[in-house]
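Participant: Fold the following, please.
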Amino acid sequence: MALAMFNGILASIILETFILIKQMPFISALKTAMGMSLISMISMELAMNIVDILITGGAKINLFVLPFMLIAGFITPWPYNYWRLKTKGVGCCG
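Facilitator: This is a model prediction of the structure:
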């Protein structure tokens, strides 16, 4: 589970850096990508893995569990992101 979470977060940072590098220097893009709501990414990965374990009884991703994992991973970060936007007025890049 920890390896899946690490890989998901690492892939997200790499993708965000790749997207941002077109708009800013590499170091700035990397720092921005690493600061883009790490709590949100961790909660998403954790929710997806918990759903996988609850449905399959272990870390055994299959096509049946995939939609449930994706829904849980999509919904879980919403409260944190909403709070961040409302209280701090900052999006993912703030």
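
Participant: quick one, helices of the chain?
Facilitator: 2-20, 26-35, 38-56, 66-75, 78-83 (DSSP state H).

Participant: so which of the ones you listed is the most packed in?
Facilitator: Highest mean neighbour count among the helices of the chain (mean count of other Cβ atoms under 10 Å): helix 38-56, with a mean of 17. (Each C-beta comes from the backbone N, C-alpha and C, glycine too.)

Participant: Please convert the helices of the chain to a markdown table, extending it with mean pLDDT.
Facilitator: Shown next, in a markdown table, are the helices of the chain (pLDDT from 0 to 100):
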| stretch | mean pLDDT |
| --- | --- |
| helix 2-20 | 86 |
| helix 26-35 | 85 |
| helix 38-56 | 89 |
| helix 66-75 | 94 |
| helix 78-83 | 83 |
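
Participant: Next, find the distance separating the most centrally placed residue in the chain from Thr56.
Facilitator: In the chain, the residue lying closest to the centroid (Cα atoms, centre = their mean) is Met41, at 2.6 Å. Distance, Met41 to Thr56, using Cβ to Cβ, to the nearest Å: 23 Å.

Participant: again with Ala72
Facilitator: Distance from Ala72 to Thr56, by Cβ to Cβ: 13 Å.

Participant: Also Leu85?
Facilitator: 34 Å.

Participant: my read: Val51 touches Val65, true?
Facilitator: Yes. If you go by Cβ atoms under 8 Å, Val51 and Val65 touch, sitting 7.0 Å apart.

Participant: Contact partners for Phe74?
Facilitator: Contact partners of Phe74, counting by Cβ atoms under 8 Å, 6 or more residues apart in numbering, are Met44.

Participant: ok, now which ones touch the residue nearest to Met5 when sequence neighbours are not counted?
Facilitator: Closest residue in space to Met5, ignoring its immediate chain neighbours: Glu45 at 4.0 Å, by Cβ to Cβ, 6 or more residues apart in numbering. For Glu45, the contacting residues are Ala4, Met5, Gly8, Ile9, Gly73, by Cβ under 8 Å, 6+ apart.
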